[in-house]
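>>> Below: sequence and its predicted model.
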Amino acid sequence: MQQQDRGDADHHDGTADAAPGGYGDRRRPGELAFALTMVAGSAVLVWNAYGISGFSSMSSAGAVPLALTAVMALSALVIALQTLRRRRVATETLVRDILPPMVIVLGLGLLAFGLLLEPLGFVPTAALFLVGAIRILARCRWRVALSVGLGSLLVIWLVFRLVFTVLLPPGLLPEAELIGALRALMGGA
Amino acid sequence: METLLAFLTIFTQPELLLLVGLGTFAGVYVGAIPGLSVTMAVSILISFTFSWPVYPAIALMIGIYMGGVYGGSRTAILLNIPGAPSAIATAMDGYPMAQRGEAGEAIGITTVMSFLGGFVGIAVLALAAPYVSDFALTFQPRDYMLLAVLGILLVGSLSSGSLIKGIFAGALGLVIGCVGMDPLTFDERFTFGVPLLQSGISFIAVMIGMFGVSEALLQLHHLQAPVVRQKIDRIVPHWSSLRRHLPLSLQSSTIGVLIGALPGTGGDIAALMAYDHAKRVTRNPSRSFGTGAIEGLVAPESANNAAVGGAFIPMMTLGIPGDAVTAIMIGALYIHGLNPGPMLMVDQPGMFWFIVGALVMANVFILIFGLTGIRIFTKIVEIPRAFLIPLILLLSIVGAYAVNNAVTDVYWMLGFGLLGYFMRHYGYPLGPVILGVILSRLLDDNWRRAIISERGDLGAFFGGLFSSPLSTVLLLVIVAIFVSQTPLPRLLAARLHRHRAA
């Protein structure tokens, strides 16, 4: 697809899965490093696939993985060579256009979410994450962040815990007692 | 009689009807809110409906899917941001109409045409699928293998324009699908000695990461984008306008359903082809194309909704998805213990007719929700991204965790989210990855069946490819896709041109 048809003239970042980003003829900051990482990763996978059953037979467990990883490695190599030949986009920088601090902060926030999910439980972890993320992203007052964050968490918890019956780590929250009380309240009404 | 009963299930059970309605409503809004997409919504939702009985879960997801395909057109018209790949063509004339203050008319005509196109697609699905399914029973394992390769190649080459990146993405998806114990020999594949990897990587974690997390992270680049205030007045289109565009709508629907029915091609290609068709056949457009011609809306919108019915044909009869969204729908069917493919129609014909019924109902809801509730709509689409992004990420985490109750899946989701984030930045299409993950097992199983039936003789396998017309055609199409991406066709054309000139 032509660049001008994508509707994101400023950042060629593939916003929405409607269109992948990138430029047709130039390389973005970090693109070569990414392409080379893919080559290295594919090479490791080829080696691993060879280790499954080698070239023992065409119908062995390792035949399809070996063929697929070979395709991966070969295409990654071609992409890396193509990327190498392209001129870099002069107007973009890695920090501003590809990996701004906000993305790193939120990525770390997600990692922390994963780490705290089981020890703290879903509700306290989600509350910390939501309020913190809204405060940072919207640059709003604590009062707004707290009310929007906790309000939406309450709705999400009620919908997913009660309607979708999704099991979430209770952690610090006495969830079973709370649900029991809620059910009793609704049953009694 | 049983067929009729299965078809009517959705209409006779208020709970299911409500779920389709709810799904469609949510789909329309998810599709219409910038930063949310139908692929994201369906992939997150799969995990939440995991524990449900199959009928309610499918009813909800079909609603979201149909609503989302339609809803994507709204952001295309109002903001020039296609909410779904299938709405790219809609933006070309829809946005200029909105700029002229005709957003209401554009949305109205889009809604009715989506409804019409949707019905054409569903009708063709209902009529053709049983025959395709019968035909598919005669397919050899090698044909399935070729179809899987063809599907991934088509999605890869058509969505990004860079075939090689599409091939890489498709192969990556297929490799992800191989991780874990081999189901036939119990050999470990890509486990690196880690016991946790023996049961494979949850494809839901991959989907949510690629379509939920990566998209939410990308939206951080657009935090400062101003919230656009919508001004929409009359939305119900004039009868005369509908009557005038009916022939074009039916032609475009036919294109849509045919393109949608090809494995690997979905609503996006159908919409672009229909738009091109409208440009060629419309002698006196309301305005010139690209500046707000109603014909430029009628064609792609009829086609992309007709393509939904079309895309369900290979999905239900062959188990091969048309695009990323249908790949996720196949994932949803797998999760609920259904096995899309020719045997589905033999083993559970009731399920097929239930899905047809749900599609019909979702289509009716599109018309209802599309033409009403504009006031709520304008409020909902104005929600700032700074509030939306943390919520999407939270839902993604809950979704990834919910399927296996494992934090590991949250880490997988995060990892694939980051990978998807960089892939999007650098122009690697994500559709083939998901298609690859879904089709990995089908490809592997059928390759092994095919090669075992030839007693491991590669020569006999290739000989077999030319002994059946279907295999030969599929192979030739695959070769043609490869050749079309090399300089060869251009060189040949130039040579022919020189020859003619001489």
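Arrived safely.
>>> contacting residues for B:Leu174?
A:Val64, A:Leu68, B:Ile152, B:Gly436, B:Val437, B:Leu439, B:Ser440, B:Leu443 (Cβ atoms under 8 Å, 6 or more residues apart in numbering or on different chains). Every C-beta, even on glycine, is put in place using the N, C-alpha and C of the backbone.
>>> Among the residues you listed, which lie within helices?
A:Val64, A:Leu68, B:Ile152, B:Gly436, B:Val437, B:Leu439, B:Ser440, B:Leu443 (DSSP state H).
>>> And for the first one, nearest residue in space, chain neighbours not counted?
I take that to be A:Val64. B:Asp444 (4.6 Å; Cβ to Cβ, 6 or more residues apart in numbering or on different chains).
>>> A:Leu185 versus the one you found, what's the distance?
To A:Leu185, B:Asp444 is 52 Å away according to Cβ to Cβ, to the nearest Å.
>>> So for residue 66, what's the nearest residue that isn't a sequence neighbour?
Answering for chain A, as no chain was given. Per Cβ to Cβ, 6+ apart, closest to A:Leu66 is A:Ala49, 4.3 Å.
>>> looking at chain B here, not the other one
B:Met66 sits nearest to B:Ala362 (Cβ to Cβ, 6+ apart), 3.8 Å away.
>>> Quick check, pLDDT for residue 62.
Just going to use chain A. pLDDT recorded at A:Gly62 is 89.
>>> The chain in question should be chain B.
91.
>>> Check B:Ala306 too.
pLDDT at B:Ala306 comes out at 93.
>>> What pLDDT does the model give B:Arg283?
85.
>>> Could you find the lowest-pLDDT member of the ones in helices among the contacts of B:Leu174?
B:Ile152 (82).
>>> Would you confirm that that one contacts B:Leu439?
Yes. Here B:Ile152 lies in contact with B:Leu439, judged by Cβ atoms under 8 Å, at a distance of 6.6 Å.
>>> list residues touching both of those two?
B:Gly173, B:Leu174.
>>> and A:Ala127, how many neighbours?
17 (other Cβ atoms under 10 Å in any protein chain shown).
>>> SS state for the closest residue to chain B within chain A?
For chain A, the residue closest to chain B is A:Gly22, as judged by Cβ to the nearest Cβ, at 2.4 Å. Following DSSP: H, G, I helix; E, B strand; the rest coil, A:Gly22 is assigned to coil.
>>> how far away is it from B:Thr110?
30 Å.
>>> Tell me which of these two has more neighbours.
Neighbours per residue (other Cβ under 10 Å) separate A:Gly22 from B:Thr110, with B:Thr110 holding more: 29 against 25.
>>> Show the contacting residues for that one.
B:Tyr70, B:Ser73, B:Arg74, B:Ile77, B:Thr90, B:Gly94, B:Leu297, B:Glu301, B:Gly370.
>>> what do you get if the cut-off is 7 Å, keeping everything else the same?
By Cβ atoms under 7 Å, 6 or more residues apart in numbering or on different chains, B:Thr110 lies in contact with B:Ser73, B:Ile77, B:Thr90, B:Leu297, B:Glu301.
>>> Closest to the centroid, which residue in chain A?
A:Gly107 (8.0 Å; Cα atoms, centre = their mean).
>>> So that one: helix, strand or coil?
helix.
>>> The residue in chain B positioned nearest to chain A: what secondary structure?
Relative to chain A, the nearest point of chain B is B:Gly427 (2.4 Å; Cβ to the nearest Cβ). For B:Gly427, the reduced secondary structure class is coil; criterion used: three-state DSSP.
>>> Next up, the contacts around the nearest residue to it once chain neighbours are set aside.
Sequence neighbours aside, A:Gly22 is the residue nearest to B:Gly427 in space, at 2.4 Å (criterion: Cβ to Cβ, 6+ apart). Contact analysis of A:Gly22 by Cβ under 7 Å, 6+ apart lists A:His12, A:Arg28, B:His425, B:Tyr426, B:Gly427.
>>> Let me know the closest of the residues you listed to A:Ile179.
B:His425 (42.6 Å; Cβ to Cβ).
>>> Next one: the closest one relative to A:Ile134, how far apart?
25 Å.
>>> for stretch B:465-472, what is the average pLDDT?
89.
>>> scratch that, stretch B:88-108 is what I was asking about
Rounded mean pLDDT across stretch B:88-108 is 84.
>>> Please apply the same query to stretch A:101-120.
On average, stretch A:101-120 scores 92.
>>> Show the contacting residues for the residue nearest to B:Met66.
B:Val20, B:Thr24, B:Ile62, B:Gly63, B:Met66, B:Gly67.
>>> Run a quick neighbour tally on the fifth one.
The reference is to B:Met66. Going by other Cβ under 10 Å, the residues that sit close to B:Met66 add up to 32.
>>> tell me the SS of it?
helix.
>>> swap in the third one?
The assignment at B:Ile62 comes out as helix when based on three-state DSSP.
>>> If you drop the residues flanking it in sequence, what lies closest to it?
B:Ala358 (4.4 Å).
>>> Run the chain-centre distance for the helix or strand of chain A with the lowest mean pLDDT.
Sorting the helices and strands of chain A by mean pLDDT, DSSP states H and E puts helix A:175-188 at the bottom, at a mean of 75. Put simply, helix A:175-188 sits 35 Å off its chain's centre (Cα atoms, centre = their mean, to the nearest Å).
>>> Provide a PyMOL selection command restricted to the buried entries of the contacts of B:Leu174.
Applying 16 or more other Cβ atoms under 10 Å in any protein chain shown to those, the buried members can be selected in PyMOL as follows:
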select buried, (chain A and resi 64+68) or (chain B and resi 152+436+437+439+440+443)
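>>> where in the chain is pLDDT low?
Just going to use chain A. A:1-20, A:187-189 (pLDDT under 70).
>>> Please refer instead to chain B.
In chain B (pLDDT under 70), the answer is B:34-35, B:81, B:83, B:85, B:157-161, B:225-233, B:264, B:378, B:381.
>>> follow-up on the earlier one: I'd say the residue nearest to A:Leu66 and A:Pro65 touch.
Yes. Between A:Ala49 and A:Pro65 there is a contact at 4.0 Å, judged by Cβ atoms under 7 Å.
>>> Just give me the closest of the ones in helices among the contacts of B:Leu174 to A:Phe122.
Among these, and counting by Cβ to Cβ, the member closest to A:Phe122 is B:Val437, at 27.1 Å.
>>> would you turn the ones in helices among the contacts of B:Leu174 into a markdown table with distance to A:Val163?
Listed next are those as a markdown table, based on distance: Cβ to Cβ, whole Å:
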| residue | distance to A:Val163 |
| --- | --- |
| A:Val64 | 41 |
| A:Leu68 | 40 |
| B:Ile152 | 36 |
| B:Gly436 | 33 |
| B:Val437 | 28 |
| B:Leu439 | 33 |
| B:Ser440 | 33 |
| B:Leu443 | 37 |
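>>> out of the residues you listed, which one sits closest to B:Val28?
B:Val437 (27.9 Å).
>>> Write out the residues of the stretch 201-350 of chain B neighbouring chain A.
B:Phe211, B:Leu217, B:Leu218, B:Leu220, B:His221, B:His222, B:Leu223, B:Ala324 (Cβ under 7 Å from any Cβ of the partner chain).
>>> Is the first one in contact with B:Ile44, as I believe?
Spelled out, it's B:Phe211. No. At 8.4 Å, B:Phe211 does not count as touching B:Ile44 under the criterion of Cβ under 7 Å.
>>> which of the residues in the host helix or strand of B:Gly23 are buried?
B:Gly23 belongs to helix B:14-32 when assigned by DSSP states H and E. Across helix B:14-32, burial judged by 16+ other Cβ under 10 Å covers B:16-17, B:19-32.
>>> Name the next helix or strand downstream of that helix, please.
helix B:38-48.
>>> ok, that next one near chain A or not?
Yes. Interface with chain A: helix B:38-48 contributes B:Thr39, B:Phe48 (Cβ under 7 Å from any Cβ).
>>> List of residues touching that helix?
A:17, A:160, A:164, A:166, B:27, B:30-31, B:60-61, B:64-65, B:68-69, B:72, B:84, B:204, B:207-208, B:211-212, B:215, B:324-325, B:328-329, B:331-332, B:335, B:395-396, B:399-400, B:402-403.
>>> Output it as CSV - backbone C-alpha positions only.
Provided in CSV are the C-alpha atoms of helix B:38-48 (Å, rounded to 0.1, in the frame of the first residue of the first chain):
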residue,chain,number,x,y,z
VAL,B,38,-12.4,-5.3,16.1
THR,B,39,-9.4,-7.7,16.1
MET,B,40,-8.4,-6.4,19.5
ALA,B,41,-11.9,-6.7,20.9
VAL,B,42,-12.5,-10.3,19.6
SER,B,43,-9.1,-11.5,20.7
ILE,B,44,-9.6,-10.1,24.2
LEU,B,45,-13.2,-11.4,24.4
ILE,B,46,-12.3,-15.0,23.5
SER,B,47,-10.7,-15.4,26.8
PHE,B,48,-13.6,-14.0,28.8
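>>> I appreciate the help and will end here.
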